[in-house]
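[1] Requesting a structural model of the entry that follows:
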Amino acid sequence: MVAVFTVTVAIVVVPWKNTSSAPAQVPVNRYAMLDDGRAVLVRTTDGNGHLLEFESRTIELLPGLRALNDLPLAFADAVAEHIAGRGKTRNDALSMTGRITGARVADMLRRKVAADGTTSTEEEVQVLDGRGLFVLGFRTLGSDPQPTIAEPALQLLPPDPRKGDHWSQTGTIGSLAYQWEASISDVAPATATLGSFDDCLTVTSSLTITDPAAPSSSQLLDVYCAGVGAVTGSSTRTDGEHRALDTVAVDDRAPAGVPDVAPSVRDHAADGPAGDPSGWVLSRVGSALPISTIGAETVPPVYLPTQPPSVLASTDAGGDLVSLDLGDVSGSVAWRFPTAGAIYSEPRYDAARGRIYVGATDGRLRALDSRGLFLWSTPSGDNVATRPAVANDTVVFGSEDGAAYGVDATTGERRWRTKLAGAAASSPAVSGDVVAIGDDGATVTGLDTGNGAERWTYAAGDAVEAPVGLAGGDFLVADRGGAVARLDPASGEERWTADAGRGSAVRAEPVLFGDLVLAVDDSGTLSALDAATGDVRWRHRERGYVGSPAMVGTDAVVASADGRVHVIDAAGNVVATIETQDARGGAPAGFDYGPTVGGGMVWLADKTGTVWRLGPAAQGSSQLAAAWLHASVDAPFAAFPFVSSAVAWRDSAVVLDTRRHSFFIDPTSGTTTAGPVVGKDGDVLLADPVVAGDTLLIDAGSRLLAVDLPSGAERWSQPLVGTRYLPPAVQGNTVVTI
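    Numbers count the residues shown, from 1 in each chain. Okay, the predicted model is just below:
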């Protein structure tokens, strides 16, 4: 079988901060630097200057052993060979501690939006070490089950680049032969869309792919500038196709351009839920965790009324903002956006502009297009753990550096910075032309949204960590001592204050519920206060509530730490309790955060990184309870991703993971027994296996493997050429694979 690839190499690399001594000694670090969590936005046009696509490129560095453990198997093997040498294995690479820790292995995600609005995501692995900068391989997520690996790795830049340097390589990209020629034609100042730069390299190169079906050759030109990375580039193919690339946005710098491709269709209809939630169904949407990773949610989910709709989530495993598709393939990951820290800032969706604003512990606030394109980022002096607020065309957020910031919603350019009485973990709220934000100095400050000037201050009884809420235009403020106050937005004067927590901190946003204000304290008590006077109407103490309630018609939906969801009416009656255990099987999932609303439904995220949807059951449908549920991290599994669908053998279901471990599962009880390791090092499991009698047929990449199921012994194998995406087929004594 012959696979046909169309390869276009266009290189844009982003800046990076040095996290070990070895790469810092490599002079090329000035030009082609990999910075964990950094992002760039690249615009591509054709030979006539017409827009082809925008591409957001993000970097996640995989230090040390993570490069061998976290990447897909083919990428991990390529890293091992690059570190240890051709033909070497991961075991060989593990013994070379200095080379592993001295290299910078970068997992680059390229999120593309074409001029017609269609999207795609590519993954590319790059390595920077004492030999220079290299591309190891790439794949298109969602369509390429296995990466395409360059052997040897394609060298983009030498370790100490100088004018006149020349290098060349031959090898294979996937199953096709390549020839690579590159040289540094100039070292001089350069002017690009991003601005003028004093120290830049101009690199010219050519890539020839020997494909019997469609041979191709590309001439490339890239300009790298110190401290920025690649700023411009172009590629011209032998068939006449020409592409010009310009970097138009980088971190902490006002963008030179923003995407003007067709935006995703937005539904501006009211998206608040309605109806009686006591009869609704709780269902699992999907997981925000990377495969085979353990972690808990760090923010409540945020619904995006895009087309198709999606929901945003983040966990403490990796610090990625994850978009889960709610369209035809509900719960699948539409895109991931990595940061250099963790996300404890609930994202803010700006429906008017179709943008997402989110902060992270790396001290930056970022703006993304709703399709996952990076637009801009702006720095603060410390963690950004507050949900941003939008006031006209200004985005307001607080930082733990003890200041509030107002930035331009289009460019991220700072408009003002106002010093607060302490670190800000409290999310701001806007009423008219005033934005209120609390801080750890027990102060709430009212600021002018236009210029950040202080309008008033309010002395709370303790540190204010809860997001500032709204009630009829007034501000609702909760503090760590358990008090809740209602403030006049014009003067900051107290209309009333109430002891909601009875000494227990209130860190969740107080919310208006008809003529009540609901507040949840750290002891798990839900208190209902009279919205006009602050008097306590009723309390619930026994259920361990967490987070802020969500309003659904005349009822409130409240989550509890033990994984239950409660529906409560205005009189304080619990009219329904819904169990995650009913929809999950096994132990119930717990919650740290309260529910949110959107798209006519309620959304929750639990301590396992799972996103849940509470909404009306589809007409004519009935909920199916899970009989059992296993995760790949549960014993006796080996904590590696499952690589195939389960296949039936005798009275068992057989599953394989990426490290070739086999497991036998009783379909009725879920009881699992660990089987043998099948195949050998170098086997890459591509498609689902097939059972023929007591034989398991496995497409192992370079060979077709037959395994005796009772013993796990190899019966026979036959070599294979090319890449297949379908499982083998068996007819009588004949096996066919295509």
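[2] Give me the neighbour count for V506.
    Close neighbours of V506, defined as other Cβ atoms under 10 Å, add up to 27. C-betas here are computed from N, CA, C, even on glycine.
[3] Would you enumerate the residues in contact with the closest residue to it other than its chain neighbours?
    Of all residues not flanking V506 in the chain, A478 sits nearest, at 3.7 Å (Cβ to Cβ, 6 or more residues apart in numbering). Going by Cβ atoms under 8 Å, 6 or more residues apart in numbering, A478 touches 464, 466, 469, 484-485, 500-501, 506-510, 519.
[4] if you set the cut-off to 7 Å instead, what comes out?
    By Cβ atoms under 7 Å, 6 or more residues apart in numbering, the contact list for A478 reads 466, 484, 500, 506, 510, 519.
[5] Would you check how far apart R541 and S235 are?
    Distance of R541 to S235, computed by Cβ to Cβ, to the nearest Å: 66 Å.
[6] ok, now L696?
    The spacing between L696 and S235, counted by Cβ to Cβ, is 45 Å.
[7] follow-up on the earlier one: R541 and S235: which has the busier surroundings?
    Between R541 and S235, counted using other Cβ under 10 Å, S235 has the larger neighbour count: 21 against 13.
[8] Can you list the low-confidence ranges for the stretch 1-150 of the chain?
    Low-confidence segments of the stretch 1-150 of the chain (pLDDT under 70): 1-25, 90, 98, 144-145.
[9] Helices of that one, residue ranges please.
    Residue ranges of the helices in the stretch 1-150 of the chain, as given by DSSP state H, counting those that start in this stretch, are 21-24, 66-69, 73-84, 90-94, 97-102.
[10] between those helices, which gets nearest to G275?
    Closest to G275 of the helices of the stretch 1-150 of the chain, according to Cβ to Cβ: helix 66-69, at 46.1 Å.
[11] picking that back up, I'd like the contacts of A478 written out as TSV, with pLDDT added.
    Formatted as TSV, the contacts of A478 follow (pLDDT from 0 to 100):
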residue	pLDDT
A466	97
V484	98
A500	93
V506	96
P510	98
A519	97
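[12] so which two of the residues you listed are the farthest from each other?
    A466 and A500 (10.5 Å).
[13] Tell me the residues that contact both of those two, please.
    478, 506.
[14] Would you confirm that D198 contacts P189?
    Yes: D198 lies in contact with P189 (Cβ atoms under 7 Å); the separation is 5.1 Å.
[15] Low-confidence stretches in the stretch 601-738 of the chain?
    Where the stretch 601-738 of the chain drops to pLDDT under 70, the residues are 618-626, 686, 723, 725.
[16] do the stretch 151-300 of the chain as well
    Along the stretch 151-300 of the chain, segments meeting pLDDT under 70 span 262-271, 291-292.
[17] now the strands: where do they sit in it?
    In the stretch 151-300 of the chain, the strands defined using DSSP state E, counting those that start in this stretch lie at 166-173, 176-192, 195-210, 216-225, 229-237, 242-250, 281-287.
[18] Including distance to V684, could those strands go into TSV?
    Shown next, in TSV, are those (distance: least, Cβ to Cβ, whole Å):
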stretch	distance to V684
strand 166-173	15
strand 176-192	18
strand 195-210	22
strand 216-225	26
strand 229-237	30
strand 242-250	32
strand 281-287	24
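[19] S711 and C225: what is the separation?
    60 Å.
[20] do G233 as well
    Applying Cβ to Cβ, the value for G233 to C225 is 12 Å.
[21] so S645 sits right up against D688, yeah?
    Yes: with contacts counted by Cβ under 7 Å, S645 reaches D688, the gap being 5.0 Å.
[22] okay, the two: which has more neighbours?
    D688 (16 against 12).
[23] Is that one in a helix, a strand, or coil?
    Assigned by DSSP: H, G, I helix; E, B strand; the rest coil, the conformation of D688 is coil.
[24] Please shift the residue numbers so they start at 48 in all later answers.
    Sure thing, new numbering starts at 48, so read that last one as D735.
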